[in-house]
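Engineer: The following comprises the amino acid sequence and a computationally predicted model.
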Amino acid sequence: MTAGSMRITVSALLVSTLVLTGCGTNLNPLNWFGGGTSEPRAPVAENDNPLIPERTGLFSSRRDRLAVYNGTAVETVTDLTVERVPGGAIIRATGVAAVQGIYDVRLTPANEDEVPEDGILTYRLEALRSADGARAGTPASREVTAARKVTDRQLAGVSRIRVEGVTNAQVSRR
């Protein structure tokens, strides 16, 4: 390969890279997960209680008692951001709680194995509530944020990431 043809090849690759990253297509890796969009939340079945363990066995009761997280869903999910990082992505959700005095905010998986269903990886934005939580205060004083890292293996086959609150859900499409 001559120096002239090498220069043309490198120039063509550089121009095509700039054009590809500048367009809003699905081929652009920077557009794989954009900002979240709001959508209504599906109703939850009355007999679906995530606090009741489904597993039984000799050692499961102790393990379940240690691993139980008694968080309740945050009222509204206001923002969802998925940022690509080496080896996976970081899912960051922001919401507004109904009361002040919440703590230990988490993104909890909708299913135990944290696997996508129909290409949708679903989480709930949950928090623990203090005993003296009051409804007073501005929405900014009740705003909470939680993040969770997921691996490339967990993202295999995922077309959407969904984070649910009590009144709505935010969805980020790939």
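Structural biologist: Received, thanks.
Engineer: Give me the domain ranges for the protein.
Structural biologist: 1-31, 32-173 (automatic domain parsing).
Engineer: Out of the ones you listed, which gets the lowest mean score?
Structural biologist: When the domains of the chain are compared by mean pLDDT, domain 1-31 comes last with a mean of 68.
Engineer: re earlier: quick one, which of the domains of the chain is packed in tightest?
Structural biologist: Most buried of the domains of the chain, by mean neighbour count (mean count of other C-beta atoms under 10 Å): domain 32-173, with a mean of 15. Just so you know, the C-beta spots here come from the backbone N, C-alpha and C atoms, and that holds for glycine as well.
Engineer: Residue 11 versus residue 146, what's the distance?
Structural biologist: Applying C-beta to C-beta, to the nearest Å, the value for residue 146 to residue 11 is 45 Å.
Engineer: With just CA atoms, put the longest helix along the chain into PDB.
Structural biologist: Taking DSSP state H as the criterion, the chain has its longest helix at helix 3-22. Listed next in PDB are the C-alpha coordinates belonging to helix 3-22 (Å, rounded to 0.1, in the frame of the first residue of the first chain):
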ATOM      1  CA  ALA A   3       1.500   6.400   1.100                       C
ATOM      2  CA  GLY A   4      -1.000   8.200  -1.100                       C
ATOM      3  CA  SER A   5      -3.600   5.300  -0.900                       C
ATOM      4  CA  MET A   6      -3.000   5.100   2.800                       C
ATOM      5  CA  ARG A   7      -3.700   8.800   3.200                       C
ATOM      6  CA  ILE A   8      -6.900   8.400   1.200                       C
ATOM      7  CA  THR A   9      -8.000   5.400   3.300                       C
ATOM      8  CA  VAL A  10      -7.400   7.100   6.600                       C
ATOM      9  CA  SER A  11      -9.200  10.300   5.400                       C
ATOM     10  CA  ALA A  12     -12.200   8.300   4.200                       C
ATOM     11  CA  LEU A  13     -12.400   6.400   7.600                       C
ATOM     12  CA  LEU A  14     -12.100   9.700   9.500                       C
ATOM     13  CA  VAL A  15     -14.900  11.400   7.400                       C
ATOM     14  CA  SER A  16     -17.200   8.400   7.700                       C
ATOM     15  CA  THR A  17     -16.700   8.200  11.500                       C
ATOM     16  CA  LEU A  18     -17.500  11.900  11.800                       C
ATOM     17  CA  VAL A  19     -20.600  11.600   9.600                       C
ATOM     18  CA  LEU A  20     -21.800   8.500  11.500                       C
ATOM     19  CA  THR A  21     -21.400  10.000  15.000                       C
ATOM     20  CA  GLY A  22     -23.100  13.200  13.800                       C
END
